[in-house]
Structures are given as structure tokens and as C-alpha cells.
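S.K.: build me a model:
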Amino acid sequence: MNPRLHTSFCELVGVEMPIVQTGMGWVAGPSLVSASANAGALGILASATMDFAQLRESVAEVKASTDRPFGVNLRADSADVADRVMLLIDEDVRVASFAQAPKQNLIDQLREAGVLVIPSIGAKRHAEKVLDWGVDAVLVQGGEGGGHTGSVPTSILLPQVVDAVGGKVPVIAAGGFYDGRGLVAALAYGADAIAMGTRFLLTSDSSVPDEVKQLYLGRGVTDTVVTTRVDGVPHRVLRTELVEQLESASNRLISLPKALVNAQRFKAMTGVRYRDMWREGNAMRRAMDLSWTQMIMAANTPMLLKAGLVDGNTESGVLASGQVVGVLDDLPSCDELVARIMGEAEATLARLT
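M.R.: Numbers count the residues shown, from 1 in each chain. As a prediction, this is how the structure comes out:
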């Protein structure tokens, strides 16, 4: 392998390839994470859609399937985040990733125990903030990425963050990556690795139903939309009938009943109390100036994602997706995907030199 492809990120985490499989809710389960790790990338387990017992079982399952480093994505604001942090420490999990930066005490606790802390950020100022808190690396996602995302494209946001970090910690680039050319481009910008969600979702190791994968493969680069109608926060998803209804001007009578039904399903699945769901949703409503419908939708967005990504119900579910969906046309294994990307990167470097 070209030595330029073995970056400081690889050295820090202990992986062979500068590639990260992101912690996608309902998608990044033990099978995908262990397959990514065995392929030489960093696989990240999604825990936001798991209760504590499920997380413990999933960590054990990954460890039984691979002896390579992997990570767990945590919600910094979850009620049992302290217990989850202790689980990662006790199980010697290599990386704790966060969609939002955790409090200083959690960062200190994890790092003192030897667990690397890698938060996701969406702005230069966020990078400067978490750098002062002592994180080990940052993952920066541009607007092309799927799920919750910002409005600044990767080609503009990434160099800003690289300059702000100033080489103090590795930078992982996300949003719009799917091949070896993109990896080399990210390295040229100053990043140390790339992270991919949609590309790993569309692998044979992903647990997403095959019919849903085929739906993804049939979409073009303009078939995603960034909407705030799901949970009040910009969310890049595939255009579906449900999303079109939510986006329509006359959606209130449609979306409120759907929101209430999904809230009931989410309660039945997780056991969460209506009182707790209401408290969390109302806090989000006040903080983000949401409508009552958006508040209810925000409180049970995990259920909408599960309907599409687990149950295969594309009519009443939400399908998070990056714009790269429009250029993907196959379902390789994680091993095939990582090997292909690294081969393309080596060929690109050879061509440039």
C-alpha cells in the first residue's frame, strides 16, 4: 500500500485503512460493524436506537466476530449516557463517537480510560470548541451527507476545519465520499480519513432489506431532499411519498395523525413513557421553535427511520441518504468495497505523480 494512504488516523485508531463506516441508526449493527472492521476500516456501532441491554449484547457480538478496533456512537444527551460510557470502558471499545459533543467530564473519563473520543461537527467554530476540550479527532460532515446535515458543502467546510484544527488532531471527512478518488481528494484537502454512510448501507453486509436497497440504487443525485418537516432539524432523506406529504403546504392534517400513530409505535417498541417523550419533544419545540406536529415527529423520528430501514415500509417510513446515492449501482461486501477504494486511491496517486 502507498505509504501516503497510511495516515495519522490509522496510527491513532489502529486500523489499516483511512476509512470509517459511520454509526447509522438501525443500519450500523454488529454484522455491518464487524464486516467493516475485518475489511480494515473503522466500523462504528449505532447505539442511539438501542436500549442498554441491546447495546451490551451488540458490543459482545462485534467482539466475537472481530479482534480489530471498532467504535460506538453515543448520544451525549441520553439519560443513561454515564452507564454507556462505563460499558465502553469495561469492554475496551477503541472509539466513542458522538453526534453532538459530550460534556467535558465524559471526554476526560473516556480518555483517561484509553477510549478515543471523536465528535461529529458541522462548522469551523465547533471544531475549535471541541479541540479545546481535548478530543482525539473530529469528523466533519458537509451538506452532501445523509441524515442530519448542514448546508455547507464538504469542499468548502473541510478545508476550513482542517485549517482551524491545524494538524493537532486527525480530521475525518464525511459527506459525498464513495470511492478512491474521493479519498485522495480528502487527503489533498488535509483530512486524514473519509467516513461513509450511504455507501456502507448499500453493501451486502448491511441488514437493510434488499427491496429497500434496490429502491436506493434506483435513485439519482437529485432524488434526495433536505427537509425540516421530519423533526425540525435539516435532515437529508430520499424523496418518498411520506416526505412529499410532509413537505407540501397543506400537510398539517396529514402529518399530525401520522406523528401520533408513530409515537404510539415508538412507545410500544421502546417502553419509553409518554411523559418522557413529551418532556423531550417539548424541550426541542421550545429550543427550535417547532410546531406541535414537528414536536411529535421529532420525539419519534427513530420510529420513522425503523419503518423504512428495518421494516421495509417505504411508504410510511423515512430513508436517510446522502447525495452519493445517485452514483451507486452495486452492493459489494465491505471487504470488496474497502479493497476497491484503496485500489482506486493508489491508482489515482500514481496518475498524479
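S.K.: for the nearest residue to Arg229 once chain neighbours are set aside, what is the enclosing helix or strand?
M.R.: Spatial nearest neighbour of Arg229, chain neighbours left out: Leu246 (3.9 Å); criterion: C-beta to C-beta, 6 or more residues apart in numbering. All C-beta atoms are positioned from the backbone trio N, CA, C, and that covers glycine. If you go by DSSP states H and E, Leu246 is part of helix 241-247.
S.K.: residues of that helix that come out buried?
M.R.: The neighbour-count check on helix 241-247 (16 or more other C-beta atoms under 10 Å) flags 242-243, 246 as buried.
S.K.: and the residue nearest to Arg229, how far from Ser47?
M.R.: As judged by C-beta to C-beta, to the nearest Å, Leu246 and Ser47 stand 27 Å apart.
S.K.: swap in Leu55?
M.R.: Leu55 sits at a distance of 5 Å from Ser47 (criterion: C-beta to C-beta).
S.K.: more neighbours, those two?
M.R.: Neighbours per residue, other C-beta atoms under 10 Å: of Leu55 and Ser47, the larger number sits with Ser47, 27 against 23.
S.K.: quick one: the more buried one and Ala28 touch, right?
M.R.: No. Counting by C-beta atoms under 8 Å, Ser47 stays clear of Ala28, with 9.2 Å between them.
S.K.: give me the common contacts of those two.
M.R.: Residues touching both Ser47 and Ala28 by C-beta atoms under 8 Å, 6 or more residues apart in numbering: Asn73.
S.K.: now stretch 301-310: how far from the chain's centre is it?
M.R.: Offset of stretch 301-310 from its chain centre (C-alpha atoms, centre = their mean, to the nearest Å): 15 Å.
S.K.: report the rounded mean pLDDT for it.
M.R.: Across stretch 301-310, the average pLDDT comes to 83.
S.K.: CSV for the buried residues of helix 241-247, including distance to Leu309?
M.R.: Shown next, in CSV, are those (distance: C-beta to C-beta, whole Å):
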residue, distance to Leu309
Leu242, 13
Val243, 14
Leu246, 17
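S.K.: in JSON lines, list those along with pLDDT.
M.R.: Below are those laid out as JSON lines (pLDDT from 0 to 100):
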{"residue": "Leu242", "pLDDT": "80"}
{"residue": "Val243", "pLDDT": "85"}
{"residue": "Leu246", "pLDDT": "75"}
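S.K.: which stretches of the stretch 201-350 of the chain have low pLDDT?
M.R.: 249-300 (pLDDT under 70).
S.K.: now do the helices in it.
M.R.: Assigned by DSSP state H, counting those that start in this stretch, the stretch 201-350 of the chain shows helices spanning 210-217, 241-247, 252-270, 274-288, 292-299, 301-309, 334-352.
S.K.: hmm, Leu74 is touching Pro102, no?
M.R.: Yes. If you go by C-beta under 8 Å, Leu74 and Pro102 touch, sitting 7.4 Å apart.
S.K.: please say which of those two ends up with more neighbours.
M.R.: More neighbours surround Leu74 than the other of Leu74 and Pro102, with 28 against 23 (other C-beta under 10 Å).
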